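1. here is my input; please provide its structure:
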Amino acid sequence: MAAGREQSSLHGFWETLTPEQLEGIEAVAMDMWDPYVSSVREHLPGAEGKIVFDKFHIAKHLGEAVDQVRRKENKTLKAAGDDRLAGTRYDWLKNPATMEPKDRREFAELRNSGLKTARAWALKETGMALFSYVYQRPARKHFRWWHNWAVRS
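-> Numbering: from 1, shown residues only. I've put the predicted structure just below:
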């Protein structure tokens with residue numbers, strides 16, 4: 001534990017480890033705070049293959065991406081007189097299985113509408129499915145497929 005959230009806050013930790021201990025580190029689970037990522041990359045041999053971002057922060061970033069797409073698309077649709085996305089911000093964050101049947105049907109119509117927001121939501125949901133994998137090989141295959149889809153979108 002160190003004071004502050006700067007790169008230098010983590011630097012002191014690395015100095016307490018022997019080269020053998022550094023080599024023994026298989027993974028570092030962390031949030032996506034750039035200063036910490038930089039510190040790990042600077043001090044840990046093979047850091048690129050050892051950094052593991054936590055599920056919460058990945059979900060947060062994907063959710064924020066969906067909301068960005070929704071806001072932009074909503075502005076465009078509203079200018080054309082289409083209010084389909086108005087008031088739907090939180091619908092894109094909910095689990096459809098926990099929605100009331102009426103809300104679930106309305107949300108399904110939105111999801112199947114061909115909107116960019118619906119595609120962003122599908123990317124988020126499919127990306128989060130990565131965390132349900134138990135075995136590395138299928139997880140890597142899913143991630144490659146998902147990544148290719150995401151970069152083309």
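2. list phi and psi for V151.
-> Note on V151: backbone dihedrals following degrees, to the nearest 10 are phi -70, psi -20.
3. actually P19, sorry about that
-> Dihedral angles for P19 - degrees, to the nearest 10 - are phi -60, psi -40.
4. residues near it, how many?
-> When neighbours are counted by other CB atoms under 10 Å, P19 registers 8. Yep, even glycine has a C-beta here, placed from its N, CA and C like the rest.
5. cool, and A86?
-> 10.
6. which ones are touching it?
-> 74, 78 (CB atoms under 8 Å, 6 or more residues apart in numbering).
7. show me where the protein has its strands.
-> Applying DSSP state E to the chain gives strands spanning 28-30, 51-53.
8. would a markdown table of the ones you listed with distance to G4 and mean pLDDT be doable?
-> As requested, the strands of the chain are exported to a markdown table (distance: least, CB to CB, whole Å; pLDDT from 0 to 100):
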| stretch | distance to G4 | mean pLDDT |
| --- | --- | --- |
| strand 28-30 | 16 | 90 |
| strand 51-53 | 20 | 93 |
